[in-house]
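Asks: Below are the sequence and a predicted model for it; my questions follow.
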Amino acid sequence: MKHPRLLILLSVLYLSVFICSAAFAQDDTCRSVQDVISVIRDCRRTETASFSVSCDEATYDKLRADGDGPLWDALHQGGMQSFGDCQILHMGAIYTFTFSSVTYYAEYTVCTSLKEVEAAIGKYRQRGTTSFTLVCSAAAYSTIESKDNASFWYMIHSCGIDNGSVSYGSNCYIFSGVTYLGSYAVCTSLAEAQNAVSLYVAGGVTSFDLVCSPELFQYLEKLDNGEFWRIWRSLGIDQADASWNTCLYGFRNVTFMEHTIRCDSLQDVRNAISGYARDQVTTYALVCGTDVYRQLSANDFAVLHKMCASYGIYRENFSHSDGSRMILFKDAVYYPGYRVFRMYETGREAFLNAEERQLLDTAKRIVAQAGRGISPLEMERYLHDYICQNVTYYSSDADGFSVYDTAIGALLYGRADCDGYSDAFCLLCSLADIPVRMVSGYADNDGAAVIREVRENAHAWNLVSLDGGKNWYMVDVTWDDGSSGRILYNYFNTGRKAASASRVWKDEAVNVNWALYDDVTIGYYSGRFEGRLFYSLDDAVSYMLRTMNGSSAELDAKIDGVYGPDEVMDTLGGALRQQGGGWNYGYTSYYVDGGSTYVILYAEVTR
């Protein structure tokens with residue numbers, strides 16, 4: 001026997017290895033890939049630079065399959081970034097990996113889907129982490145790898161990353177030097193981009209980014225500089241420093257138009273327009289909520305047009321964007337009467353031009369001539385009668401703005417159309433502290449049904465309140481300016497029921513408590529009764545027609561019973577229609593007292 005002591009030593013060594021291997025297999029051998037990952041994570045927590053991992057044969061085969069790809073996946077999922085050396089020892093059914101000079105990821109997340117990728121980046125953005133690694137499953141990595149450069153950065157920017165260095169390989173994405181977006185919006189269409197910008201404008205956000213889909217980014221890139229800025233300036237941006245990168249537009253140091261306001265209801269719109277009108281602001285933007293924009297834009301912005309007239313705007317000059325739901329007023333023109341009073345009311349008379357000062361002085365003189373100590377009703381009637389006596393209806397053929405559309409034409413030159421009558425009445429009542437509004441709509445003596453069908457005969461009139469704004473009544477000075485110098489009261493303090501018989505308007509634009517019926521207590525009778533007594537309204541009308549002198553008739557009557565203005569007009573009109581032909585008719589005075597109706601009726605043939 002040769003070297004007995006060596007054989008004994010080898011036998012002991014073999015037995016020791018066998019015993020150690022068996023013990024290790026029982027206690028520390030990894031029997032799944034997940035076990036391997038857990039061991040590496042434990043070493044990462046203790047920052048162990050050199051260590052060994054043993055596994056059974058089945059696990060070893062899984063790790064070494066497909067060119068060591070699964071092994072690298074397990075190492076990365078455990079948090080290992082790199083190693084200096086790796087030795088593999090095979091002893092029976094046990095395989096041992098020994099790693100040295102190991103480095104680990106400081107921050108990393110394992111992601112098995114795009115949703116988890118987005119969540120991980122969101123987490124790092126919230127923490128402000130500037131370097132991290134995303135260890136992806138093979139499926140997630142393949143999905144990301146299939147994206148072109150634009151789509152990849154669209155995904156990254158959508159998660160809130162502004163810029164940074166990105167390297168990738170072995171199913172990992174390694175981010176370093178990351179900076180994050182502040183206020184940003186992800187947009188897939190121009191409409192979404194406009195809506196986002198309008199919200200930033202309304203909120204006064206001076207630095208923000210738009211993350212654009214590849215298709216939207218390509219569309220914006222093709223715009224020339226002028227068209228590009230027209231889009232954003234139409235939303236209320238005045239100036240900004242703009243920059244862009246793949247699928248990302250950044251806006252910094254943004255300045256806005258001086259007047260921009262968010263409106264989520266029609267009342268918000270009314271408040272905005274009336275406030276800007278009071279201050280005579282001519283350029284401003286309304287950023288509207290979805291519902292209110294839908295209401296305003298219906299029927300070619302009919303409600304908005306009427307609303308503007310109600311607050312003294314003659315020429316709106318507004319543009320709109322359906323995408324951003326923004327309405328931009330640019331150099332709006334106010335009725336001179338409305339403008340003059342607002343400048344006078346706010347102590348800015350010095351800013352009026354010579355003609356506007358002359359208009360203000362003239363209007364003040366007219367109001368002063370009415371005398372002191374009279375009631376609001378008496379003042380209203382005086383101003384109504386003054387316009388009827390001193391203004392001649394005149395409609396200019398000129399396109400666009402005309403002086404005869406305004407109080408200047410009415411009070412300085414004695415000629416005006418319905419806009420001028422209404423503007424003048426508005427100015428005079430305002431100076432007399434009588435609440436007054438302008439109303440724009442359509443009117444026709446053939447009835448409201450005809451108007452609704454053809455939408456012709458645009459007309460303007462006024463609403464007044466004699467009780468501080470609680471109840472409102474219509475006054476149409478234009479239609480009360482009768483022929484042959486006669487002053488009518490057919491449309492003096494008229495309720496909405498009577499008004500609706502001859503005109504159409506937008507209630508959303510008016511927005512006041514327009515009384516349904518004429519209030520007989522605010523009718524006006526001009527003098528002491530010297531006429532005839534009648535037992536009924538029918539008797540009075542029949543008598544007037546029987547005693548008609550040629551082509552006209554007038555009757556000063558006291559009639560038993562209370563008859564409202566609507567009933568008087570309906571009865572007289574019905575009787576005249578039975579006569580045939582065309583008629584101009586109504587009453588010039590009306591008053592109810594002691595259970596009797598006092599009225600001066602008139603009728604004249606028109607054709």
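Replies: Here it is on my side, so go on. Numbering: from 1, shown residues only.
Asks: buried sites along stretch 146-156?
Replies: Using 16 or more other Cβ atoms under 10 Å as the test for burial, stretch 146-156 gives 150, 152-156. For glycine as for every other residue, the C-beta is placed from the backbone atoms N, C-alpha and C.
Asks: and the residues you listed, which two are the farthest apart?
Replies: The most widely separated members of the buried residues of stretch 146-156, counting by Cβ to Cβ, are A150 and I156 (10.9 Å).
Asks: Can you list which of the buried residues of stretch 146-156 are found in strands?
Replies: Among the buried residues of stretch 146-156, none falls in strands (DSSP state E).
Asks: does the closest residue to L286 other than its chain neighbours belong to a helix or a strand, and which?
Replies: Closest residue to L286 in three dimensions, ignoring its sequence neighbours and counting by Cβ to Cβ, 6 or more residues apart in numbering: I327, at 4.5 Å. In the assignment (DSSP states H and E), I327 maps to strand 326-329.
Asks: Can you name every helix or strand that the following helix or strand past that strand contacts?
Replies: Per DSSP H and E, the first helix or strand lying C-terminal to strand 326-329 is strand 333-334. When contacts are defined as 3 or more Cβ pairs under 8 Å, 6 or more residues apart in numbering; DSSP states H and E, strand 333-334 packs onto strand 313-315.
Asks: what ranges do the strands span in the stretch 201-350 of the chain?
Replies: Secondary structure of the stretch 201-350 of the chain (DSSP state E, counting those that start in this stretch): strands at 208-212, 237-245, 248-256, 260-263, 284-288, 313-315, 318-321, 326-329, 333-334.
Asks: mind giving me a markdown table with those and columns for mean neighbour count?
Replies: Output for the strands of the stretch 201-350 of the chain, formatted as a markdown table (neighbours: other Cβ atoms under 10 Å):
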| stretch | mean neighbour count |
| --- | --- |
| strand 208-212 | 25 |
| strand 237-245 | 14 |
| strand 248-256 | 17 |
| strand 260-263 | 20 |
| strand 284-288 | 27 |
| strand 313-315 | 21 |
| strand 318-321 | 17 |
| strand 326-329 | 22 |
| strand 333-334 | 18 |
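Asks: Any stretches of this protein with poor pLDDT?
Replies: Counting by pLDDT under 70, the ranges of the chain that qualify are 1-27, 397-401, 445-456, 483-484, 508-509, 517-531, 607.
Asks: T392 and Y413: what is the separation?
Replies: In this structure, T392 and Y413 are 10 Å apart, going by Cβ to Cβ, to the nearest Å.
Asks: nope, A515 is what I was after
Replies: Distance from A515 to Y413, by Cβ to Cβ: 34 Å.
Asks: out of those two, which sits in the busier spot?
Replies: A515 (20 against 15; other Cβ atoms under 10 Å).
Asks: That one and Y473 touch, don't they?
Replies: Yes - using Cβ atoms under 8 Å, A515 is in contact with Y473, at 5.9 Å.
Asks: Tabulate the strands of the stretch 201-350 of the chain in TSV, adding columns for distance to D480.
Replies: Below are those laid out as TSV (distance: least, Cβ to Cβ, whole Å):
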stretch	distance to D480
strand 208-212	56
strand 237-245	47
strand 248-256	47
strand 260-263	36
strand 284-288	36
strand 313-315	22
strand 318-321	33
strand 326-329	33
strand 333-334	25
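Asks: one step back: overlap in contacts, A515 and Y473.
Replies: Common contacts of A515 and Y473 (Cβ atoms under 8 Å, 6 or more residues apart in numbering): G495.
Asks: can you tell me which residues contact Y491?
Replies: 461, 474-476, 479-480, 499.
Asks: Can you tell me how far it is from W461?
Replies: 7 Å.
Asks: Quick check: H76 touching N171?
Replies: Yes - the criterion here is Cβ under 8 Å, and H76 meets it with N171 at 6.9 Å.
Asks: In contact with the spatially most central residue of the chain, which residues?
Replies: In the chain, the C-alpha nearest the mean C-alpha coordinate belongs to C288, at 0.7 Å (Cα atoms, centre = their mean). For C288, the contact set (Cβ under 8 Å, 6+ apart) comprises 262-264, 269, 296, 325-327.
Asks: Show me the beta-bridge partners of it.
Replies: Under DSSP bridges, the beta-bridge partners of C288 are C263.
Asks: Distance check, it against V510.
Replies: C288 is 20 Å from V510, by Cβ to Cβ.
Asks: Equivalent analysis for S54, please.
Replies: 87 Å.
Asks: coming back round to it: tabulate the contacts of Y491 (CSV), appending distance to C187 and neighbour count.
Replies: Below are the contacts of Y491 laid out as CSV (distance: Cβ to Cβ, whole Å; neighbours: other Cβ atoms under 10 Å):
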residue, distance to C187, neighbour count
W461, 46, 26
M474, 48, 23
V475, 51, 27
D476, 50, 26
W479, 53, 21
D480, 56, 22
A499, 48, 23
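Asks: Of the residues you listed, which pair is most distant in space?
Replies: D480 and A499 (13.0 Å).
Asks: Return the set of buried residues in stretch 486-494.
Replies: For stretch 486-494, by 16+ other Cβ under 10 Å, it's 487-494.
Asks: Tell me the one of these nearest F83?
Replies: When the buried residues of stretch 486-494 are compared against F83 (criterion: Cβ to Cβ), the nearest one is T494, at 94.2 Å.
Asks: Validate this expectation: C55 resides in a strand.
Replies: Yes - per DSSP: H, G, I helix; E, B strand; the rest coil, C55 lies within a strand segment.
Asks: Against F99, how distant is it?
Replies: C55 is 13 Å from F99, by Cβ to Cβ.
Asks: Equivalent analysis for Y563, please.
Replies: When distance is defined by Cβ to Cβ, Y563 is 108 Å away from F99.
Asks: How about A120?
Replies: 26 Å.
Asks: try W72
Replies: From W72 to F99 the distance is 13 Å (Cβ to Cβ).
Asks: ok, now W514?
Replies: W514 is 87 Å from F99, by Cβ to Cβ.
Asks: overlap in contacts of H76 and N171?
Replies: Joint contacts of H76 and N171 (Cβ under 8 Å, 6+ apart) are V135.
Asks: burial of L304, as a residue count?
Replies: 25.
Asks: Name all residues that make contact with it.
Replies: 269, 296, 316, 318, 327, 509.
Asks: what residues are up against L545?
Replies: 553, 575-576, 579, 603.
Asks: picking that back up, which of W72 and F99 has more neighbours?
Replies: Taking other Cβ under 10 Å, W72 and F99 do not tie; F99 has more neighbours (21 against 17).
Asks: got a list of what the closest residue to that one other than its chain neighbours touches?
Replies: Spatial nearest neighbour of F99, excluding adjacent residues (Cβ to Cβ, 6+ apart): F83 at 4.6 Å. F83 makes contacts with 75, 99-103, as judged by Cβ under 8 Å, 6+ apart.
Asks: List buried members of the contacts of L545 by neighbour count.
Replies: The neighbour-count test (16+ other Cβ under 10 Å) marks 553, 575-576, 603 as buried among the contacts of L545.
Asks: Can you give me the buried ones in the strand or helix carrying W72?
Replies: Under the criterion of DSSP H and E, W72 resides in helix 69-77. Across helix 69-77, burial judged by 16+ other Cβ under 10 Å covers 70-77.
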